[in-house]
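**Student:** need coordinates for the below:
(2 chains)
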Amino acid sequence: MAGIYLHIPFCVRKCAYCDFVSFAEGSVPQSYVDALLTELELVARGGSYPAAFDTVFFGGGTPSLLSGEQMQQIMRGLKERFDIRESAEISMESNPGTTTPEKLAAYRAAGINRLSIGLQSTHDVLLKSVGRIHTFEQFLSTLQSARKACFTNINVDLMHGLPNQTVDQYLDSIKTVCDLGVQHISAYSLILEEHTPLFDCVERGEVKPPDEDLVADMQDAGIDLLEQRGYHRYEISNFAQDGYVCRHNLNYWHNGEYLGFGIAAHGVVRDRKWTRYANASTLDEYMRLLSRGKRPLAETIRLAPRDEMFECVMLGFRLIRGIDRATFLARFGLDIVEAYAYAFEQLRKRGWLIEAEDRVALNRGGLDFQNEALGFFM
Amino acid sequence: MAYPNELIRNFSIIAHIDHGKSTLADRMIEQTDTVAMRDMSEQLLDSMDIERERGITIKSSAVRMFYTHTDGKRYMFNLIDTPGHVDFNYEVSRALAACEGAVLVVDATQGIEAQTLANVYLAVDNGLEVVPVINKIDLPSAEPERTAQEIEDVIGIEAHNAPKISAKSGLNVNQVLAAVVNTVPPPVGDPDAPLTALVFDCFYDNYKGALTYVRVFDGTVKEGVRIRSMATGHEFEVTEVGVFTPAPMTVDELTAGEVGYIAASIKSVAETKVGDTITSADRPAKKPLPGYKQANPMVFCGIYPADGAQYGDLRDALDKLRLNDASLSYEQETSNALGYGFRCGFLGLLHMEIVQERLEREFDLDLVTTAPSVIYKIRLTSGEEEMIDNPSNLPPVTEIEQLEEPVVNASIMTPSEYVGSLMELCQERRGIFMDMNYIEEARVRLHYVLPLNEIIYDFFDQLKSRSRGYASFDYELKGYEKSDLVKLDFLLNGDVCDALSTIVHRDRAYAKGRAVAEKLCEVIPRQQFEIPVQAAIGGKIIARETVRAVRKDVLAKCYGGDITRKKKLLEKQKEGKKRMRQVGTVSLPSDAFMSVLRIN
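**Tutor:** Residues are numbered from 1 along each chain as shown, chains lettered A, B, ... in the order given. Have a look, this model is predicted:
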């Protein structure tokens, strides 16, 4: 398995909680699309990468700021330079405030076969309070257009722990979205990140941060409700109907290879050693390097096997199924339980572990304290 | 060879903190051409970083200067610097004992302050001639005449002809130099009598070992002579004698009346303590110079490495500090909460702060310190008496017949408008009002007897904030008094945390117990289980608070771009946990131990 990630770092407006790299624009500058194509070309010619790709993911920012034409260009560019499998899952994120039926149809025609819609909440008051640019109504019309454009694999993002959000409001959002019959739901806790407007508001005491216990209540009740409605929790914050897990993200959690394109995109390839890289995170630097015919890299880290192994644990334990012992053995020549005897002893002692013949996983208690659990592996 | 005694003047400068003592010393050094101007950096005598930053003098030192007087004669001045803080009272008194005179600096904008008086009394006790100097006359708010009047009224020395100077600009500093010649008597002593030299300071030099700063009263000391410490009986061979200019400079000999240093391969300053008399081993003096006493620590606290693995480093650092600071005492102790560390004794609060700061700064250590304590005297029911300096060592209530605590005579000088709020402060701190007198119309001197344990933490800060910085404070140990004291313990998840125990007056135990328990709830991070925080007196719970359990400790999302960042986050979290202290089942951050103090 291998994936390709493309970063579209533009948004109409940045949300109050967002600390991703993105710039406020009403559309994606054509120069950026051209730069992406140049980068694809550079990597295809000179990089070390897997032979074929099973997934492509357009993330942001707001990829739905791309025009249909721009999406066509990028997809064509991709397919010309890389072997994207017939069966590939090709996802894009979208913001309900930026879609039109025409654009959605064009995306679908360009080959996008999975659409992720950033809804966050069905309550307009809450949407407004965190600086979302859309209403619930707009989301409904995006969803309708998407279906008309023949998207049959749709994800909706929901958030809990928004300022002033109640448990009932959150569960109400889940119910509504389930009733709409989407295939996949990502349900995140809001994280207060430094250097975001929301963080500053909380620091200044203008916004009361959500109570930790309340957030935990929301999360727990949300998980139960989603499971009840046939959305199976397969990762800490991700839920899917049977057959609709996100293969692109699954590849991350299996610690598989992926290429990253665009500003601040990351990638990891086996270039003798397990090698992570990150692109430049400013528009200027990204463009400057490309214009000189260089890959826009800001950082390349070659990891020791020990660190690669820890990554597999850190990522694999996010999955409800956990880590496949045979795969781990094949990759490192070590049985995971033997390699981390002390850590597993600690997990057993705390009753956090599911130990089967073929896999090891954290149970629900262990997942709740995953950071603590991972500490034993470091 | 020896400089004629009638041309020598040995003197100190005494002043309340910030009245300009060190600045005046700098100007005198400049105006006597002792140090070339280009070598001057501000406050030359203070050689330690902390001293410079805080603008105070911790270790005294001595400088030899030559001054050509209006009579055309060249006088040798030995300026002995003194620490300006009450904690170092004994060291000040020894430095003064080495002199015949003292230059008293009074700030013309502030007038006489508590330490001015304390220092003048010390000088007079040591039989010194006092040369009053009125400083800071360049400031718009200066009132030199009024200050002179105050000196005459309060201290009873003539001051209207006192030099009125600006140490900052150097204005009239020459008058001070002249007044030293005219007022301070020359030393008297017999260079042929058996050696007696008073140790007024010690300094540890990495190459020469402990250097003792001495004032030679009788006899002569030079290289090769065997000397004996009259306090310890230790003998040493002198390897070098010299003076400070202010850089050390070797001289052939130091003779009666002179001031300088002796190097004698003395390994630690503890071997020749301040106040000791040095004599010749071959021809010893009959009796030592008067006034030697052991400086006893009054304030104690536990010092622990934040990272238990640094215990050895902390021990080495304390050993090194002690080379230079004989009044620092420490012994190993163990705490169930903090592991291995040291119980350290200090002369006073400032001394404690300075040591902590030096340990952190000069030795790059991360420390956890426990609440400071004083020494309590306990009479047991068995009739025995015990002294304890660590609250957690207090015997069970049933074995205690009576508890006594140290009390001090405290003198506070303040503009009269703050008297009310300062009296209230003293009352809150269990002070007993003794008397009050007016120094002048708008300035008052308050006299209180206060328990030492009430002033060892934030009393001084409170005093300053309630008087807008105008009040000054000085204290001396009065003795021990019986008191209704109890030990306040704190339990975390049912286990007593020894490092949090304190001794308090019974009347205040409830309020304090509640306040500390609440504070602890704020500083203890939520853990995987609920943590009851309880305050207890003698096993009886008087307050209970709860730290709620944390329910989730997990990253909500982690995708491709996040992996490196999230890994760093986990590492940071793990690092943070490592710095926590484990008390039974509960993890405590280092600052929890100081939080007991930050309660009003």
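**Student:** could you report the distance from the nearest residue to B:Gly101 once chain neighbours are set aside to B:Leu104?
**Tutor:** Of all residues not flanking B:Gly101 in the chain, B:Val184 sits nearest, at 3.0 Å (C-beta to C-beta, 6 or more residues apart in numbering or on different chains). The way it works is simple: take the backbone N, C-alpha and C, and place the C-beta from them, glycine included. For B:Val184, the distance to B:Leu104 equals 12 Å [C-beta to C-beta, to the nearest Å].
**Student:** between the two, which contacts overlap?
**Tutor:** Taking C-beta atoms under 8 Å, 6 or more residues apart in numbering or on different chains as the contact rule, B:Val184 and B:Leu104 both touch B:Val131.
**Student:** settle it for me: which of those two has more neighbours?
**Tutor:** The neighbour count for B:Val184 versus B:Leu104, taken as other C-beta atoms under 10 Å in any protein chain shown, is higher for B:Leu104 (28 against 23).
**Student:** was I right to think B:Pro187 contacts B:Asp218?
**Tutor:** No - the criterion here is C-beta atoms under 8 Å, and B:Pro187 misses it with B:Asp218 at 10.4 Å.
**Student:** what is in contact with the two at once?
**Tutor:** Listed as contacting both B:Pro187 and B:Asp218 by C-beta under 8 Å, 6+ apart are B:Ala256.
**Student:** end to end, how far does stretch B:585-595 reach?
**Tutor:** End-to-end distance for stretch B:585-595: 20 Å, by C-alpha to C-alpha, to the nearest Å.
**Student:** that stretch near chain A at all?
**Tutor:** No - counting by C-beta under 8 Å from any C-beta of the partner chain, chain A has no neighbours in stretch B:585-595; the shortest distance is 11.1 Å.
**Student:** now do that stretch: everything it contacts.
**Tutor:** With C-beta under 8 Å, 6+ apart as the test, stretch B:585-595 has contacts from B:306, B:337-338, B:366, B:368-371, B:492-493, B:495, B:497, B:499-500, B:516, B:519-520, B:522-525, B:527, B:529, B:531, B:577, B:579-582.
**Student:** I'd like the list of these that fall within strands, please.
**Tutor:** Among those, DSSP state E puts B:368-369, B:492, B:495, B:531, B:581-582 in strands.
**Student:** for A:Asn95, state which of those residues is nearest.
**Tutor:** A:Asn95 lies nearest to B:Ile531 out of the ones in strands among the contacts of stretch B:585-595, by C-beta to C-beta, at 43.4 Å.
**Student:** excluding sequence neighbours, find me the nearest residue to the closest one.
**Tutor:** Nearest non-adjacent residue to B:Ile531, counting by C-beta to C-beta, 6+ apart: B:Val547, 4.1 Å away.
**Student:** hey, which strand is longest across the chain?
**Tutor:** If you meant another chain, say so; for now it's chain A. Longest strand in chain A, counting residues (DSSP E): strand A:84-94.
**Student:** sorry, I should have been clearer: chain B.
**Tutor:** Chain B, longest strand under DSSP E: strand B:400-415.
**Student:** low-confidence ranges, the stretch 251-400 of chain B, go.
**Tutor:** Across the stretch 251-400 of chain B, the ranges flagged by pLDDT under 70 are B:269-270, B:294-295.
**Student:** what's the burial count for the closest residue to chain A within it?
**Tutor:** Nearest residue of the stretch 251-400 of chain B to chain A: B:Asp307, at 17.1 Å (C-beta to the nearest C-beta). B:Asp307 sits with 16 neighbouring residues when counted by other C-beta under 10 Å.
**Student:** which residues does the nearest residue to it once chain neighbours are set aside contact?
**Tutor:** The shortest distance from B:Asp307 to any non-neighbouring residue, by C-beta to C-beta, 6+ apart, is to B:Asp366 (6.4 Å). Neighbouring residues of B:Asp366 by C-beta under 8 Å, 6+ apart: B:305-307, B:310, B:360, B:590.
**Student:** domains in chain A, as residue ranges please.
**Tutor:** Domain assignment for chain A by automatic domain parsing gives A:2-251, A:306-375.
**Student:** in the stretch 51-200 of chain A, which residue sits closest to chain B?
**Tutor:** Proximity of the stretch 51-200 of chain A to chain B (C-beta to the nearest C-beta) peaks at A:Ser189, 4.2 Å away.
**Student:** tell me which element the nearest residue to that residue once chain neighbours are set aside is part of?
**Tutor:** Excluding the flanking residues, the one nearest A:Ser189 by C-beta to C-beta, 6+ apart is B:Ala556, at 4.2 Å. Taking DSSP states H and E as the definition, one finds B:Ala556 inside no helix or strand.
**Student:** heading C-terminal from the lowest-mean-pLDDT helix or strand in chain B, find the next helix or strand.
**Tutor:** Lowest on mean pLDDT, DSSP states H and E among the helices and strands of chain B sits helix B:49-54, with a mean of 49. Using DSSP H and E, the next helix or strand after helix B:49-54 towards the C-terminus is strand B:62-68.
**Student:** which residues does that next one contact?
**Tutor:** The contact list for strand B:62-68 (C-beta under 8 Å, 6+ apart) reads B:25, B:28-29, B:32-34, B:44-45, B:74-81, B:177, B:180-181, B:200-201, B:213, B:243-246, B:259-261.
**Student:** next: stretch B:488-501.
**Tutor:** Residues contacting stretch B:488-501 (C-beta under 8 Å, 6+ apart): B:302, B:335-338, B:370-371, B:391-392, B:394, B:487, B:502-504, B:509, B:512-513, B:516-517, B:520, B:524, B:529, B:531-537, B:541, B:583-586, B:588, B:592-593, B:596.
**Student:** in that stretch, what counts as buried?
**Tutor:** Buried residues in stretch B:488-501, counted by 16 or more other C-beta atoms under 10 Å in any protein chain shown: B:488-493, B:496-501.
**Student:** what about the helices in chain B?
**Tutor:** Assigned by DSSP state H, chain B shows helices spanning B:21-31, B:49-54, B:89-97, B:114-125, B:144-150, B:173-183, B:311-324, B:349-362, B:419-428, B:452-455, B:459-466, B:506-523, B:563-578, B:592-595.
**Student:** please name whichever of those is nearest to A:Gly77.
**Tutor:** Minimum separation from A:Gly77 across these (C-beta to C-beta) falls at helix B:563-578, 26.2 Å.
**Student:** that older thread, winner for burial among the domains of chain A?
**Tutor:** Most buried of the domains of chain A, by mean neighbour count (mean count of other C-beta atoms under 10 Å in any protein chain shown): domain A:2-251, with a mean of 19.
**Student:** now do that domain: distance to the chain's middle.
**Tutor:** When C-alpha coordinates are averaged (C-alpha atoms, centre = their mean, to the nearest Å), domain A:2-251 and its chain have centres 7 Å apart.
**Student:** mind pulling up the pLDDT for the spatially closest residue to A:Ile84 that is not a sequence neighbour?
**Tutor:** Of all residues not flanking A:Ile84 in the chain, A:Phe53 sits nearest, at 5.2 Å (C-beta to C-beta, 6+ apart). The model reports A:Phe53 with a pLDDT of 97.
**Student:** so who does A:Phe53 touch?
**Tutor:** Contacts for A:Phe53 (C-beta under 8 Å, 6+ apart) come out as A:2-4, A:82-85, A:88, A:259.
**Student:** what residues does the stretch 201-350 of chain A put near chain B?
**Tutor:** Contact residues (C-beta under 8 Å from any C-beta) of the stretch 201-350 of chain A with chain B: A:212-213, A:215-216, A:219, A:236-237, A:249, A:252, A:258, A:260, A:264-268, A:276, A:278, A:301, A:310-311, A:314-315, A:318.
**Student:** mind checking which of those residues land in helices?
**Tutor:** Filtering those for helices - DSSP H - leaves A:212-213, A:215-216, A:219, A:249, A:252, A:310-311, A:314-315.
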